[in-house]
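[1] Need a 3D model of the following:
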Amino acid sequence: MTEQPRNQPPLRSAPRTPPRRRSLSALALPLAVAGLIGGIVGGGIVGLIGWQSDWGHGGSTPTATAGSCSVTRVARDTLPSVVTIAARTASGSGTGSGVVVDLSGVSGPVVITNEHVVHPGSAAGAASLTITYADGSTASAQLLGADQPTDLAVVRATDDTHHAPAVPIGDSGSLRVGDPVVALGSPLGLASTVTSGIVSATGRYIRVPTESGSAHHLIGAIQTDAAINPGNSGGALTDCKGRLIGINAAGASPGGESGSAGLGFAIPVDLAVPTAQELAQHGTVARPELGMQLRSVTSSMSDPESQTHLMVQSVDAGGPAQRAGIRTGDILLTVDGTAIHSLDDLVQVQLHASSGDRLPVTLQRDGAEVSVTLTVG
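    Numbering: from 1, shown residues only. A predicted model of the protein is given here:
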């Protein structure tokens, strides 16, 4: 499916020369495609900027010192934990960013990054990976696991020398619109670049198409106006205490202009960390199984107002859909309260669901509406 979600700007994935309009892209691979989005804008570390903790939350008039956020301090403390990742496959090469973390149940520090950083080009494949630390030292790296739907990956340096401290983990669930944030990474190959801004929105769903024809699905994404450019992918989004709250993943670029459009998106750490733990331990992520195959259908080809739905093409014998009473030819209307008009709608439900969840499903069958309950496999 290639439909764009309603009320969302067009999206695209790196690398590709941008069209002359605003678009959204995964933000990796600047060295291979330096002209990906605009030109190189002023990089480097941002100096001291005061952000008031009351902004966006009401409260008293801010003062020069109360609740201020020192970007200088965040940069000093966090940049050593942010690395540049160079990846090379048979179908492409480029660079992105990564964040050194300690994960529960995982031995030693690892690096969280984006799936599209470790799999540059039009298709996923075995990649040669190199990590460059903030101090300039390098190490080859091993891919522990990657998850294309959520655009997350975990790598580990193959040497025994730890050149970077692990960044402290924050809480993305407590973020509020207006909270100050800092983005760190290697946009366009410019290592140790820092930008700052605020949380513009939370809980966004962003679909980012890939060159292979599939898509990354950013669930519950953090939207920020901190400048995020190609190569920031996999880098850190932190709060004012330098705690990791998100993994930078995508950003917008206005047509005919250079640099960020003030529309950046990060994968919330509350999703990124447990996914990274599973990838580090098992190499893959176990996904909820619904047990049915679907295809897109339109209610009326002659009606311009007709809507697209998903029709059940087949059900797996003994699977969750069959046990729920779903039949071939049924039309999915809603799943767990979400209207289903495309595969993307269903993917969102699946990414939020866990094995054993009981999901209410409404179907259209022979012109009548039918309700069933599907227990996720």
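[2] Could you report the neighbour count for the residue nearest to V312 when sequence neighbours are not counted?
    When the adjacent residues along the chain are set aside, V312 lies closest to D330, with 4.6 Å between them (Cβ to Cβ, 6 or more residues apart in numbering). Where you see a C-beta, it was placed from the backbone N, CA and C, and this is true even at glycine. By other Cβ atoms under 10 Å, 22 other residues sit near D330.
[3] need the contact list for D330.
    Contacts for D330 (Cβ atoms under 8 Å, 6 or more residues apart in numbering) come out as 311-312, 363-365, 370.
[4] same deal with A146?
    Under the criterion of Cβ under 8 Å, 6+ apart, the contact partners of A146 comprise 115, 118-119, 124, 152-154, 279.
[5] For the residues you listed, pick the one with the most neighbours.
    With neighbours taken as other Cβ under 10 Å, the top of those is A153, carrying 31 neighbours.
[6] Need the nearest residue in space to it, chain neighbours excluded.
    According to Cβ to Cβ, 6+ apart, the nearest residue to A153 is A146 (3.9 Å).
[7] Next, the one you found: secondary structure please.
    Using DSSP: H, G, I helix; E, B strand; the rest coil, the three-state assignment for A146 comes out as strand.
[8] so where do the strands sit in the stretch 1-150 of the chain?
    In chain order, the stretch 1-150 of the chain shows strands spanning 23-26, 82-89, 92-101, 110-113, 128-132, 138-147, with DSSP state E, counting those that start in this stretch as the criterion.
[9] G197: neighbouring residues, count only.
    Neighbour count of G197, defined by other Cβ under 10 Å: 20.
[10] Could you do T224 as well?
    When neighbours are counted by other Cβ under 10 Å, T224 registers 31.
[11] just T284 next, same as before
    Here the number of neighbours of T284 (other Cβ under 10 Å) works out to 11.
[12] cool, and S192?
    Residues lying near S192 (other Cβ under 10 Å) number 17.
[13] State the distance from it to T238.
    From S192 over to T238 the distance is 14 Å, taken as Cβ to Cβ, to the nearest Å.
[14] what does R323 give?
    If you measure R323 against T238 using Cβ to Cβ, the figure is 45 Å.
[15] of the two, who's got more company?
    Set side by side, R323 and T238 give different neighbour counts by other Cβ under 10 Å, the larger being at T238 (30 against 16).
[16] tell me the SS of the nearest residue in space to the more buried one that is not next to it in sequence?
    Leaving aside its sequence neighbours, T238 sits nearest to V182 (Cβ to Cβ, 6+ apart; 5.0 Å). Using three-state DSSP, the three-state assignment for V182 comes out as strand.
[17] you'd agree V182 is up against V74?
    Yes: the pair V182 / V74 is scored as a contact, 4.7 Å apart, by Cβ atoms under 8 Å.
[18] which of the two has more neighbours?
    The residue with more neighbours, out of V182 and V74 and counting by other Cβ under 10 Å, is V182; that gives 27 against 24.
[19] For the more buried one, give me its contacts.
    V182 is in contact with 69, 71, 74-75, 78, 194-196, 226, 237-240, 242, counting by Cβ under 8 Å, 6+ apart.
[20] Note down every partner strand of the lengthiest strand in the chain and its orientation.
    Counting by DSSP state E, the longest strand found in the chain is strand 193-209. Looking at strand 193-209 with DSSP bridges, its partner strands are strand 180-185 (antiparallel), strand 215-224 (antiparallel).
[21] Highest mean neighbour count out of these?
    Per residue and on average, the most neighbours among those fall to strand 180-185, with a mean of 28 (mean count of other Cβ atoms under 10 Å).
[22] quick one: low-confidence parts of the stretch 251-377 of the chain?
    Low-confidence segments of the stretch 251-377 of the chain, defined by pLDDT under 70, span residues 253-260, 299-306.
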